[in-house]
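Student: Test case, fold it:
(chains A, B, C and D)
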Protein chains: 2
Amino acid sequence: MADVTIDDVAKAAGVHRATVSRALSRPEAVKTQTRELILRVAEELGYTMSPLAQALRSKASIFIPLVVPDLVNPFYAELATSMTQAAGDRGYQLVLCITNRDSERAAAYLAAMQSLYAPFAIVAPSSRVDMNTLRQFGFGDRAVVIDRVDEQSTAPSVTVDNRRGIELAFDHLRSLGHRRIGYVSGISGIYTARERIDAYSELAGAESIVLDSGADGDAGRRAAARLLALTDRPTAIIAGNDMTAFGVISTLAAEGLRVPEDVSVVGCDGLVLGARYSPALTTVRQPIADMGNIAIDLAEKKAMDGTVDHVLLTPELLVRASTAEAPA
Amino acid sequence: MADVTIDDVAKAAGVHRATVSRALSRPEAVKTQTRELILRVAEELGYTMSPLAQALRSKASIFIPLVVPDLVNPFYAELATSMTQAAGDRGYQLVLCITNRDSERAAAYLAAMQSLYAPFAIVAPSSRVDMNTLRQFGFGDRAVVIDRVDEQSTAPSVTVDNRRGIELAFDHLRSLGHRRIGYVSGISGIYTARERIDAYSELAGAESIVLDSGADGDAGRRAAARLLALTDRPTAIIAGNDMTAFGVISTLAAEGLRVPEDVSVVGCDGLVLGARYSPALTTVRQPIADMGNIAIDLAEKKAMDGTVDHVLLTPELLVRASTAEAPA
DNA sequence: CTGAAAGCGCTTACAG
DNA sequence: CTGAAAGCGCTTACAG
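Tutor: From the prediction side, this is the model:
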């Protein structure tokens, strides 16, 4: 089963190697009878094509890079899982490229993927990969982007309606009687982070309380500390992502404030993990599971006819246990 | 910069293609002067070898599969991160194979990696990949295993001293005055789970209280519910892994029990995330970051001289905020 | 130490 | 519809 090549199949089926190749990759180009014979023989011999040889010869492979900044933020882990599944289902092999926010590492990955003849690349938010880098390695017009990368949008993208997400969180808190609602950014894609904080500012208007707008992993802790220091404390906090919400709650609790009794907290992401947090996190769910398939659709469409689509997904509020009525 | 091949370099340097190949892969086989010329020319032309062509010809590639059950458990995400780093540093390209505990999917991955001439495979615990499957795809004697897979141990392995880990947790709780200490298993590799629960049983002796021994994601919730139902409740719980500890705490809190005031909880893993939990999780840290390099070392050593080593790493107690003195 | 040749496992115009 | 040939970008015995 190990070393059966296309020639073995050809010989066993009594046809030429080229015919086997066609039967497998362009079935309509071969007479039905011949094809069926070949397929059967291949099956019997346990033949599978060498993706290596295939890629080398045709200058196109099934490898598709997913560029993510890290895997420690479960958002990317969930994204990677969804993408892997979607890619696998459609005959691709996802290769995870973890940049650690290091642009040299990202470049190395892109170079490697280029030499593997990857048909396109998928770039996750916050990966610190700009269009210039993509262009440099030949992915300029074969990349799809999650979160927006530039205004001109030469690359297809799949994004979540951040405005709507923040609105869902805000309305939820208002309906629970909260009037002083703080905000903390934390790590997300640059555009995502901006859209969210802008949406918040607009909704809160003059009552905006941006507790922290940093983009590092410590934003949650700082925001909680900041809240503690205020005289007229917010009774609720919206966090730009779930990990930051965890940081907020953890720090608040360590300082003796209870969530949700004293302060309500809403996250953004909808991580599976949030359901196991203490308290279970109320959050705005991003449809991560859909992103994989959509991203690949977009890439294939672009390759077919050049269409550059921008898909906007709708988020959804997940009410769990970290929000409650505003204290009297 | 895109399409420069070995022949371009050869021509520009005035040597034969074979010499370029040698200069790059076996430098000592080429005269210093020639080699330096070639290296310079290659550099100027921005030449990088095609890993595809290289692999096809030499039947050996730089792709190395890391087989993990999922990525949603941050333990695997952290492991994957560490492995990716280690692999990259040593000239390999890690390919993440997420099996979703589906053995067919695992087989498909292994088949793909075999046809990519992967030099060896790394198998994470709980991946539901046994030695037979590995053998079937030619990885029988080129796999390294994290967590133990079989008693005969034909594959090198890197494992953590589970016994010692549980002991650390147990002693910590005892020193805080806890006398009734419960245990919950949860998801881990089969051997890991068994070793841990055995260690617990031995330490606790007649006072063992196994709250739940299931291996699914709901073990934590069930264990907490079980604790609540007991008349003579344990004052502390050791969880077989961090995710399970999260589940325990979350459920306990939802039912009005405070951690650590009412119940202390210790996890096992040392996830980065635990520091952000509420309360921050006391846990037994597994040296995940070391595992990547060690696993690759073991694989290379085995390939060199057939040595089958079993490395046992020492865990470490991380005292954070989820444990406190036993209530009076 | 270097070159010439064969070949890894495929695909794809080109004939027929 | 099928076969024969050339070639993708490399490596590696084999000569010299």
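Student: Tell me who's in contact with the closest residue to DNA strand C within the stretch 101-250 of chain A.
Tutor: Nearest residue of the stretch 101-250 of chain A to DNA strand C: A:Tyr117, at 11.2 Å (CB to the nearest atom of the strand). From N, CA and C alone the C-beta is placed, and that goes for glycine too. A:Tyr117 makes contacts with A:Ala55, A:Lys59, A:Ala60, A:Ser61, A:Phe63, B:Leu52, as judged by CB atoms under 8 Å, 6 or more residues apart in numbering or on different chains.
Student: Distance of the most centrally placed residue in chain A relative to A:Met291?
Tutor: In chain A, the residue lying closest to the centroid (CA atoms, centre = their mean) is A:Leu79, at 4.1 Å. Between A:Leu79 and A:Met291 the computed distance is 6 Å (CB to CB, to the nearest Å).
Student: list the residues that contact both of those two?
Tutor: A:Ile146.
Student: what's A:Ile146 in contact with, if anything?
Tutor: A:Ile146 sits next to A:Leu79, A:Ile122, A:Val123, A:Ala124, A:Pro125, A:Ser157, A:Val158, A:Thr159, A:Gly189, A:Met291, A:Ala295 when contact means CB under 8 Å, 6+ apart.
Student: Reformat these as a markdown table; add pLDDT.
Tutor: Shown next, in a markdown table, are the contacts of A:Ile146 (pLDDT from 0 to 100):
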| residue | pLDDT |
| --- | --- |
| A:Leu79 | 93 |
| A:Ile122 | 95 |
| A:Val123 | 92 |
| A:Ala124 | 89 |
| A:Pro125 | 79 |
| A:Ser157 | 92 |
| A:Val158 | 93 |
| A:Thr159 | 91 |
| A:Gly189 | 74 |
| A:Met291 | 93 |
| A:Ala295 | 95 |
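Student: Number of residues surrounding A:Ser213?
Tutor: 16 (other CB atoms under 10 Å in any protein chain shown).
Student: What sits closest to it if chain neighbours are left out?
Tutor: Leaving aside its sequence neighbours, A:Ser213 sits nearest to A:Ser185 (CB to CB, 6 or more residues apart in numbering or on different chains; 4.7 Å).
Student: Show me what counts as buried in the longest helix seen in chain A.
Tutor: Taking DSSP state H as the criterion, chain A has its longest helix at helix A:288-305. Neighbour-count burial for helix A:288-305 flags A:Ile288, A:Met291, A:Gly292, A:Asn293, A:Ile294, A:Ala295, A:Ile296, A:Asp297, A:Leu298, A:Ala299, A:Lys302 (criterion: 16 or more other CB atoms under 10 Å in any protein chain shown).
Student: how close does the second one sit to A:Val145?
Tutor: Think A:Met291. Taking CB to CB as the measure, A:Met291 falls 11 Å from A:Val145.
Student: before we move on, back to that, quickly name whichever of the contacts of A:Tyr117 is closest to A:Asp216.
Tutor: A:Phe63 (32.2 Å; CB to CB).
Student: So A:Leu273: helix, strand or coil?
Tutor: helix (DSSP: H, G, I helix; E, B strand; the rest coil).
Student: That one contacts B:Phe246, doesn't it?
Tutor: Yes. Contact criterion CB atoms under 8 Å: A:Leu273 and B:Phe246 qualify, at 7.5 Å.
Student: follow-up on the earlier one: if you look at the contacts of A:Ile146, which of them are in helices?
Tutor: Counting by DSSP H, the contacts of A:Ile146 place A:Leu79, A:Met291, A:Ala295 in helices.
Student: Now do the helices in the stretch 201-328 of chain A.
Tutor: Assigned helices in the stretch 201-328 of chain A, in chain order: A:219-229, A:242-254, A:288-305 (criterion: DSSP state H, counting those that start in this stretch).
Student: any chance of those helices in JSON lines, plus distance to DNA strand C?
Tutor: Formatted as JSON lines, the helices of the stretch 201-328 of chain A follow (distance: least, CB to the nearest atom of the strand, whole Å):
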{"stretch": "helix A:219-229", "distance to DNA strand C": "49"}
{"stretch": "helix A:242-254", "distance to DNA strand C": "44"}
{"stretch": "helix A:288-305", "distance to DNA strand C": "14"}
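Student: of all those helices, which lies closest to B:Glu207?
Tutor: helix A:242-254 (30.8 Å).
Student: Could you export the contacts of A:Ile146 as JSON lines, including distance to DNA strand D?
Tutor: Below are the contacts of A:Ile146 laid out as JSON lines (distance: CB to the nearest atom of the strand, whole Å):
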{"residue": "A:Leu79", "distance to DNA strand D": "33"}
{"residue": "A:Ile122", "distance to DNA strand D": "25"}
{"residue": "A:Val123", "distance to DNA strand D": "26"}
{"residue": "A:Ala124", "distance to DNA strand D": "29"}
{"residue": "A:Pro125", "distance to DNA strand D": "33"}
{"residue": "A:Ser157", "distance to DNA strand D": "31"}
{"residue": "A:Val158", "distance to DNA strand D": "33"}
{"residue": "A:Thr159", "distance to DNA strand D": "36"}
{"residue": "A:Gly189", "distance to DNA strand D": "35"}
{"residue": "A:Met291", "distance to DNA strand D": "33"}
{"residue": "A:Ala295", "distance to DNA strand D": "28"}
